[in-house]
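Participant: Next comes the sequence, and after it the predicted model I'd like to discuss.
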Amino acid sequence: MGIFSRARDILAANVTDMLDRAEDPAKMVRMIIMEMEETLIEVRASAARTIADQKELRRHLVKLDGLQTSWKEKAELALSKDREDLAKAALVERQKAADMAERIEAEIAMLDEALNANEEDIAKLQAKLREARSRQSGLATRLEAANNRIRLREAYSGPKVDEAFSRFDVLERRVDLAEGRADALGLGAAPKTLEEEIAELQSSEKVEAELAALKAAAGKA
């Protein structure tokens, strides 16, 4: 069963209030748009029929105008031949055509009013449809933003994050072990012997003597 029963229901409807009261606004706006589109098609079809009826009536009106002219000419001819009875009969037929033309003109005027009303309804329906589509676009944007927030929160607090951090812990443990092994290689190194320490002192003395000699030579220069 549709939300609206006719075009006037749509024009009188407050789309915002309907969506605010709806349990599922996205579904409601889809239904509203669908019914608005269907109603718009129906109103346009009605306007097309009205235009076609007007064209047919105007063609008939042209024929009646020609018929009135014809009967008038026949009445004039009868009078010119002293046949007043025929002239009177011709004028009666002319009046019948005139009366029919008058009724058709009134019907055309009524169709003009209906067509103007259809045109106004179409404009209003299109405005309502744009409003509904705008609300649908806004709802879609809000829904996408909400889903993005959900995905971000799951990324920050979900089991995948816990799994990733547990992997980091394993890697850090591996680095600690490697550093421990490197430090362990320096433990327990053999101390220098007496000969090695004395040899280092002798080498140091030679370096100091050479340095002094270079300074002296530089001073003399």
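Facilitator: Noted; the coordinates are in hand.
Participant: What is the neighbour count of Arg149?
Facilitator: Neighbours of Arg149 under the rule other CB atoms under 10 Å: 10. All C-beta atoms are positioned from the backbone trio N, CA, C, and that covers glycine.
Participant: what residue ranges in the protein score low on pLDDT?
Facilitator: 1-8, 12, 16, 22, 143, 146-148, 150-165, 168, 183-191, 220-221 (pLDDT under 70).
Participant: Now do the helices in it.
Facilitator: 7-12, 15-21, 25-80, 84-157, 159-185, 194-220 (DSSP state H).
Participant: gap between Glu195 and Gln202?
Facilitator: According to CB to CB, to the nearest Å, Glu195 stands 10 Å off from Gln202.
Participant: Check this structure and tell me which residue is nearest its centre.
Facilitator: Ser137 (4.3 Å; CA atoms, centre = their mean).
Participant: roughly how far apart are that one and Thr39?
Facilitator: Taking CB to CB, one finds Ser137 at 21 Å from Thr39.
Participant: likewise Asp65?
Facilitator: Asp65 sits 39 Å away from Thr39, going by CB to CB.
Participant: Please identify which of these two sits among more neighbours.
Facilitator: Taking other CB under 10 Å, Asp65 and Thr39 do not tie; Thr39 has more neighbours (24 against 13).
Participant: Check the gap between that one and Glu197 for me.
Facilitator: 106 Å.
Participant: One more: Arg103?
Facilitator: Distance, Arg103 to Glu197, by CB to CB: 137 Å.
Participant: and what of Ile10?
Facilitator: According to CB to CB, Ile10 stands 105 Å off from Glu197.
Participant: what about those two, which has more around it?
Facilitator: Ile10 (23 against 11).
Participant: For that one, give me its contacts.
Facilitator: Phe4, Glu35, Met36, Thr39, Leu125, Lys128 (CB atoms under 8 Å, 6 or more residues apart in numbering).
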